[in-house]
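**Q** Here's my sequence, what's the structure:
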Amino acid sequence: MIDQNGSPTVSGVVGGGALEAAPSVDHAASGLLEPSLATRLRAVPYGFDGDWLLVAMAEPGDFYASDEISVVTGRPVRPVAIKPEAFSELMRQTYGTTAAAMAARLGRSSEGGDDSQLMANLEAVEADDLHRMAEQPSLINLVNLIVLEAIRARASDIHVEPFEKSLVVKYRVDGVLREQSPPPKHLQPAITSRVKIMAGMNIAERYVPQDGHITLRYDGRKIDIRVSTVPTLYGESVVMRILDKESIRLELSSLGVREADQKEIRRIISVPHGMFLVTGPTGSGKTTTLYTCLSMVTDSTKKIITIEDPVEYELSGVNQIPVNPKRGLSFATGLRSILRQDPDIVMVGEIRDAETAEIAVRAALTGHMIFSTLHTNNASAAPGRMLDMGIEPFLLASVLEGVMGQRLGRRVCQSCREAIPLPEEARERLGEAERALFRGGMAYRGKGCEKCDGSGYSRRIAFVELFPATPAMRGAIGRRLSAQELVRTAPAGFVNMRRDGLLKAADGLTTLSEVFRATQDTDEEE
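**A** As a prediction, the model looks like this:
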């Protein structure tokens, strides 16, 4: 219907329940909505009822989405509920792999070009031309679809890498890069410029690294994207880090922490003052673990402040400060100011230098609980790293309450998991006691299915080791003993990262290959 002002109107949801299966699609209806918009709004126009446009919607009660479709199509919209499985099938049938299809279509329009001339042109493109190219509707849709399909694939990063004769796009899913259908090379400057415009960066500056930020909404939730560009031999390399807070459950059990370790972590973080460290390489989930710990202790009776580089997720009830070196706000200067804010708990994103380490230890001595991260191979190496930064052994021994080391491995897809005999290569790498963990000599793998995109894996799991402070450990730190000697002071029942991973592989949560890959450099000498 059209209202009295001549504008399209939106009806209520059709009664009679949700569609059980994907309906047949009138392409005249589906063609009214761009694939990128359909993906973002999770809606597919599939037919007409007189003047009304029938739209299958994953969220038929989302009247803002219905209004937007009505404005874009110029027709009154009748939302129709549809079951999630049917909706996914309808999206595939109607729009398919839209980014790949669009890239192929745009590529065909430039066939026959001279590659050498193209590379010369890339250097000569003016900023005004770049801006014009980046505002073309087809280009905007292509970039939007690259981002939206990455979000749908649960990717943590999007890589756009320029090479001499190609432009490569990769998604990092569950820690592993997957190459996607490449966009045509001639669109390289326009794609890069479009991303930079979205991130509020300077498109005219192509020869220095830049950082930016994109905020968008997808499927009713807020998505933050950190963008980084660096100049390379053949143009700017772009990496987009996708931060989807609502897709992450801040619970120790969802991280894969064993029940015994969960109990000990709760004890450690509940003490009124001291220091708790989480160690591991970049990308091992250290910050997520600390966020989880903060969410467990957050309440109205405590003042909690963090200083991070950058702030990855916004936490309710927590004061979060982003590091800003250009304005003189480093971890050390920020931590000094934080201590004048009367905090109970302070999270320092990372202890990188002696100054930050000393202030953090002093803060722990004066009645604050400090959470932070360190880059070390395992938990037992953390005290030595702090001592190398100049911390006095007796001070560290008195404030350290516990250290947790971790790595991330891929989870076996539970939809296609199957038991297999222990591979011969794995048997050779396992000790006798380790082989005994696998009941009946059976391990697990994922065969690959539609739910895991054929990879056999879905999401990630942490392999952890928890080293709570004991009197023996404090004495060893005071005597500057090595990491290997510190391990011998661990309490009974201590499980290192390798064994923790093997226990999870035996339970069918991950594979032996993932355990070997993630923990090969973490073994402590017994």
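
**Q** Which elements pack onto the host helix or strand of M347?
**A** In the assignment (DSSP states H and E), M347 maps to strand 345-348. Here strand 345-348 touches helix 286-297, strand 304-308, helix 331-338, helix 354-365, strand 369-374, going by 3 or more Cβ pairs under 8 Å, 6 or more residues apart in numbering; DSSP states H and E. Quick note: C-beta positions are derived from backbone N, CA and C, even for glycine.

**Q** Quickly run through the sheet partners of that strand, with directions.
**A** strand 304-308 (parallel), strand 369-374 (parallel) (DSSP bridges).

**Q** Following the longest one in sequence, what is the next regular element?
**A** Of the helices and strands lying after strand 369-374 in sequence (DSSP H and E), the nearest is helix 382-388.

**Q** shaky segments in the stretch 1-150 of the chain?
**A** 1-17, 96-137 (pLDDT under 70).

**Q** sorry, back to before: deepest-packed of the strands paired with strand 345-348, please.
**A** strand 369-374 (a mean of 24; mean count of other Cβ atoms under 10 Å).

**Q** chain center to it, what's the gap?
**A** Computed by Cα atoms, centre = their mean, to the nearest Å, the chain-centroid distance of strand 369-374 equals 21 Å.

**Q** and the angle from it to helix 286-297?
**A** 160 degrees (axes from the mean of the first three to the mean of the last three Cα atoms, to 10 degrees).

**Q** Do you have the strands of the stretch 151-300 of the chain handy? List them.
**A** 155-162, 167-173, 176-179, 210-218, 221-232, 235-243, 274-279 (DSSP state E, counting those that start in this stretch).

**Q** The fifth one packs against which elements?
**A** It stands for strand 221-232. Helices and strands touching strand 221-232, by 3+ Cβ pairs under 8 Å, 6+ apart, are helix 188-198, strand 210-218, strand 235-243.

**Q** outside of it, which residues touch it?
**A** Contacts with strand 221-232, where a contact means Cβ atoms under 8 Å, 6 or more residues apart in numbering, come from 147, 151, 161-162, 192, 195-196, 198-199, 201, 206-217, 236-247, 310.

**Q** one more time with 7 Å
**A** Outside strand 221-232, the residues that touch it by Cβ atoms under 7 Å, 6 or more residues apart in numbering are 151, 162, 195-196, 199, 201, 206-217, 236-244, 246, 310.

**Q** The second one now?
**A** Where contact means Cβ under 7 Å, 6+ apart, the residues beyond strand 167-173 that reach it are 146, 150, 153-161, 177-180, 182-183, 185, 188.

**Q** ranking the helices and strands packed on strand 221-232 by burial, who's on top?
**A** By mean count of other Cβ under 10 Å, these have helix 188-198 as the most buried, with a mean of 23.

**Q** What are the phi and psi values at the closest residue in space to D49 that isn't next to it in sequence?
**A** Residue nearest to D49 in three dimensions, not counting chain neighbours: R78, with 6.4 Å by Cβ to Cβ, 6 or more residues apart in numbering. The phi/psi pair for R78 (degrees, to the nearest 10) reads phi -120, psi 100.

**Q** got the end-to-end distance for stretch 243-254?
**A** 18 Å (Cα to Cα, to the nearest Å).

**Q** which residues are contacting it?
**A** With Cβ under 7 Å, 6+ apart, stretch 243-254 has contacts from 151, 221, 223-226, 262, 265, 288, 291-292, 295, 312-314.

**Q** The same query, at a cut-off of 6 Å, please.
**A** Under the contact criterion Cβ atoms under 6 Å, 6 or more residues apart in numbering, stretch 243-254 has outside partners 221, 223-224, 262, 291-292, 295, 312-313.

**Q** Closest one of these to L255?
**A** Distance to L255 across these (Cβ to Cβ) is lowest for T292, with 6.5 Å.

**Q** how close does the residue nearest to D49 get to S70?
**A** 10 Å (Cβ to Cβ, to the nearest Å).

**Q** ditto for N496
**A** For N496, the distance to S70 - Cβ to Cβ - is 59 Å.

**Q** Over to L395?
**A** Distance from L395 to S70, by Cβ to Cβ: 66 Å.

**Q** In terms of packing, which of these two has more residues around it?
**A** S70 (20 against 17; other Cβ atoms under 10 Å).

**Q** The more buried one falls within a helix, correct?
**A** Yes - counting by DSSP: H, G, I helix; E, B strand; the rest coil, S70 is located in a helix.

**Q** Please shift the residue numbers so they start at 9 in all later answers.
**A** Got it, first residue is 9 now, which makes that one S78.

**Q** I'd say it and V85 touch.
**A** Yes - counting by Cβ atoms under 6 Å, V85 is a contact partner of S78 at 4.6 Å.

**Q** Adding mean pLDDT and distance to L438, write the strands paired with strand 353-356 out as JSON lines.
**A** Shown next, in JSON lines, are the strands paired with strand 353-356 (pLDDT from 0 to 100; distance: least, Cβ to Cβ, whole Å):
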{"stretch": "strand 312-316", "mean pLDDT": "95", "distance to L438": "39"}
{"stretch": "strand 377-382", "mean pLDDT": "96", "distance to L438": "30"}
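
**Q** Let me have those strands in JSON lines, extended by distance to M412.
**A** JSON lines is the format used below for the strands paired with strand 353-356 (distance: least, Cβ to Cβ, whole Å):
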{"stretch": "strand 312-316", "distance to M412": "18"}
{"stretch": "strand 377-382", "distance to M412": "10"}
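
**Q** S292: which of the ones you listed is closest?
**A** strand 377-382 (9.3 Å).

**Q** Residues touching that closest one, excluding its own?
**A** Residues contacting strand 377-382 (Cβ under 6 Å, 6+ apart): 281, 283-287, 294, 298, 353-356, 358-359, 368, 371-372, 390, 393.

**Q** okay, the angle between it and strand 282-287?
**A** Using the same axes, to 10 degrees: strand 377-382 against strand 282-287 is 20 degrees.

**Q** Next, the angle from strand 377-382 to helix 339-346.
**A** Using the same axes, to 10 degrees: strand 377-382 against helix 339-346 is 170 degrees.

**Q** Scan the chain for its longest helix.
**A** Determined from DSSP state H, the single longest helix within the chain is helix 145-160.

**Q** which helices and strands does it pack with?
**A** Under the contact criterion of 3 or more Cβ pairs under 6 Å, 6 or more residues apart in numbering; DSSP states H and E, helix 145-160 touches helix 43-49, helix 106-116, helix 196-206.

**Q** please redo it, this time with the cut-off set to 8 Å
**A** helix 43-49, helix 106-116, strand 163-170, strand 175-181, helix 196-206, strand 218-226, strand 243-251.

**Q** Give me the sheet partners of the third one and which way each runs.
**A** Taking DSSP bridges as the criterion, strand 163-170 sits next to strand 175-181 (antiparallel), strand 243-251 (antiparallel) in its sheet.

**Q** how about it as PDB, C-alpha atoms only?
**A** Extracted in PDB, the C-alpha atoms of strand 163-170 (Å, rounded to 0.1, in the frame of the first residue of the first chain):
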ATOM      1  CA  ALA A 163      37.000 -14.800  10.100                       C
ATOM      2  CA  SER A 164      39.200 -12.900  12.600                       C
ATOM      3  CA  ASP A 165      41.100 -11.100   9.800                       C
ATOM      4  CA  ILE A 166      40.800 -10.100   6.200                       C
ATOM      5  CA  HIS A 167      44.100  -9.800   4.200                       C
ATOM      6  CA  VAL A 168      44.300  -7.900   0.900                       C
ATOM      7  CA  GLU A 169      47.700  -8.500  -0.500                       C
ATOM      8  CA  PRO A 170      49.000  -6.900  -3.700                       C
END
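
**Q** can you tell me the average pLDDT over that strand?
**A** Averaging pLDDT along strand 163-170 gives 95.

**Q** That one: how far from the chain's middle?
**A** Counting by Cα atoms, centre = their mean, strand 163-170 comes out at 12 Å from the chain centroid.

**Q** Can you pull up the most central residue in the chain?
**A** S164 (3.7 Å; Cα atoms, centre = their mean).

**Q** I figured it hits M248, correct?
**A** No - contact criterion Cβ atoms under 8 Å: S164 and M248 do not qualify, at 9.9 Å.
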